[in-house]
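1. Let me see the structure of the following:
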Amino acid sequence: MDCLDHCACVEQNRKHIEAIEFKIIRMKGEITSLGEGKCSSCARPEEKLQRERSKHLCRGCEELQDKLQRKQQELDKFKAKMKIEISGEMENSGCLSENINNPLRETALIDIYGRLKTQVYGKTRDDLWKKELDPKTISENLSVLVKDIFKATSADMKNRKNTIEEFICHKTLCGEDMPTAVKKKVSESVQAALQSLQMALSHLSTDAYKEVVMGLDTMKKIMMEYEEDTSKPYIDFAIECYKVSCLLALHNPPLTPSWDLTEEQLSSVSASSYDQVDVILPMLISNGTTIVSPPVLSRKK
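-> Residues are numbered from 1 along each chain as shown. Down below sits the predicted model:
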């Protein structure tokens, strides 16, 4: 090979090496760009993939938002169908959340009823015994009298509640389409009025209650059988019992009497030598739960 041919071969090899080096440099650049997600050959697919991911996430968010909106609509419809209920929330929602500033809260009423069961009843029974009346007759009269009182106060307080509700929420103003917020305000107004009535009755004079008590059938019968001095313990007891039962009926929820004995109480009676048991003062029930037990019983042979 002559010199000219040799030079031509070297020049060709040099160009070939330069071409290879250029390819290597370009490949290195593409590898670096690929690691950064910026390679020219893959830029468009990478952007497309990113857009697809974004669309998928957006669709997922939209689906969650739709579900949340549907649940909220269901909740709003349920609330809209709710009728007005007398709920005092923090005022009378039970012992765990009652207003300690309310002198007629549930725990206070339970204490008042407890005094009726022990102190008031005990004094009445002793006063009647001192008049040498028949113990069996005393028990029978008190048992029937208390039932008569609770029945009368239940009807009386129910009528008063209905009157207040009709006055505050007339049917032309409180329709089914009333907004939930308005219903809540009306319910609070009704409960506030009932609490005011309850407080007023707690301060009502003895004479006012006596007038009502003397109209009860049981009391009329007692007055016919005994002279006024002998029947006075019955009258005093009936006045206090009527007052307390009014307060119990106006509580939210109402504290209602239960005259049924529990299985344990019935077993105790059956095991004793007594033929009959009169329930003088009953247990108290709130929302189906017994909150004052046991009742005051009078056992008779």
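2. shaky segments in this protein?
-> 1-49, 51-58, 60-61, 64-65, 67-68, 71-97, 170-177, 263-277, 298-301 (pLDDT under 70).
3. now the strands for it?
-> Under the criterion DSSP state E, the chain carries strands at the ranges 256-258, 276-281, 283-286, 289-292, 296-300.
4. and those strands as JSON lines, adding distance to F150?
-> C-betas here are computed from N, CA, C, even on glycine. Shown next, in JSON lines, are the strands of the chain (distance: least, CB to CB, whole Å):
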{"stretch": "strand 256-258", "distance to F150": "5"}
{"stretch": "strand 276-281", "distance to F150": "10"}
{"stretch": "strand 283-286", "distance to F150": "10"}
{"stretch": "strand 289-292", "distance to F150": "13"}
{"stretch": "strand 296-300", "distance to F150": "13"}
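5. can you list those strands in CSV and add mean neighbour count and distance to G122?
-> Below are these laid out as CSV (neighbours: other CB atoms under 10 Å; distance: least, CB to CB, whole Å):
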stretch, mean neighbour count, distance to G122
strand 256-258, 19, 19
strand 276-281, 20, 11
strand 283-286, 20, 18
strand 289-292, 14, 17
strand 296-300, 16, 9
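6. Indicate which one of the ones you listed is closest to E63.
-> strand 289-292 (43.5 Å; CB to CB).
7. helices or strands next to that closest one in the packing?
-> Under the contact criterion of 3 or more CB pairs under 8 Å, 6 or more residues apart in numbering; DSSP states H and E, strand 289-292 touches helix 106-115, strand 283-286.
8. let's see it at 6 Å
-> Judged by 3 or more CB pairs under 6 Å, 6 or more residues apart in numbering; DSSP states H and E, strand 289-292 is in contact with strand 283-286.
9. Strand partners (parallel or antiparallel) of the strand it packs on?
-> When pairing is defined by DSSP bridges, strand 283-286 lines up against strand 256-258 (antiparallel), strand 289-292 (antiparallel).
10. which residues touch that strand?
-> Residues external to strand 283-286 that are found in contact with it (CB atoms under 6 Å, 6 or more residues apart in numbering): P253, L255, T256, S258, T290, I291, V292, S293, P295.
11. and those residues as a markdown table, adding distance to E227?
-> Rendered in a markdown table, the data for the contacts of strand 283-286 read as follows (distance: CB to CB, whole Å):
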| residue | distance to E227 |
| --- | --- |
| P253 | 42 |
| L255 | 35 |
| T256 | 35 |
| S258 | 35 |
| T290 | 40 |
| I291 | 39 |
| V292 | 35 |
| S293 | 37 |
| P295 | 31 |
